[in-house]
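**Student:** fold the following.
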Amino acid sequence: QVQLVESGGGSVQAGGSLRLSCTASGYFHYMGWFRQAPGKEREGVAAISRLRTTTYADSVKGRFTISLDGAKNTLYLQMNSLIPEDAAMYYCAADSRPGRSLKSRDFGYWGQGTQVIVSS
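**Tutor:** The predicted model follows:
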């Protein structure tokens, strides 16, 4: 059974850092992180292919880094210089097809989410 399990969320002050992890069962060509704040639409944050090609939302470029440990089948999102606007539920997503977008419709599998709170 395909499963994506996130961890690493929590509460941090603005300017701080968090690292999210997503352990995947099954093989995926493309994995990513999305986030959704209350009252807002889900948005793509970053994505990575098995060839380690990365895509970032403009709002997180230079602050967030996505990486993939193929041996552990684990996806990471290192988040630095966090700002209150980064606060949201963060979701891990994956798909068995190659991809390069940050569109929700291009990901067929989703985790349950992990909460990130950023206080000012």
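**Student:** which residues sit in contact with the spatially most central residue of the chain?
**Tutor:** Centroid check for the chain by Cα atoms, centre = their mean gives residue 33 as the closest residue, at 2.1 Å. Counting by Cβ atoms under 8 Å, 6 or more residues apart in numbering, residue 33 touches 20, 22, 44-47, 66, 75, 77, 90-93. Bear in mind the C-beta positions are built from the backbone N, C-alpha and C, glycine included.
**Student:** and stretch 26-33, end to end?
**Tutor:** By Cα to Cα, to the nearest Å, the extent of stretch 26-33 from end to end equals 17 Å.
**Student:** show me where this structure has strands.
**Tutor:** 3-7, 10-13, 18-25, 30-36, 43-49, 54-56, 64-69, 74-79, 88-95, 109-110, 114-119 (DSSP state E).
**Student:** can you redo the ones you listed as a markdown table with distance to residue 101 and mean pLDDT?
**Tutor:** A markdown table is the format used below for the strands of the chain (distance: least, Cβ to Cβ, whole Å; pLDDT from 0 to 100):
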| stretch | distance to residue 101 | mean pLDDT |
| --- | --- | --- |
| strand 3-7 | 18 | 95 |
| strand 10-13 | 29 | 98 |
| strand 18-25 | 18 | 97 |
| strand 30-36 | 9 | 97 |
| strand 43-49 | 7 | 97 |
| strand 54-56 | 7 | 96 |
| strand 64-69 | 14 | 97 |
| strand 74-79 | 16 | 98 |
| strand 88-95 | 10 | 97 |
| strand 109-110 | 15 | 96 |
| strand 114-119 | 22 | 98 |
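**Student:** of all these, which lies closest to residue 102?
**Tutor:** strand 43-49 (2.6 Å; Cβ to Cβ).
**Student:** which residues are in contact with the closest one?
**Tutor:** Outside strand 43-49, the residues that reach it (Cβ under 8 Å, 6+ apart) are 29-36, 54-57, 60, 64-68, 75, 77, 90, 98-104.
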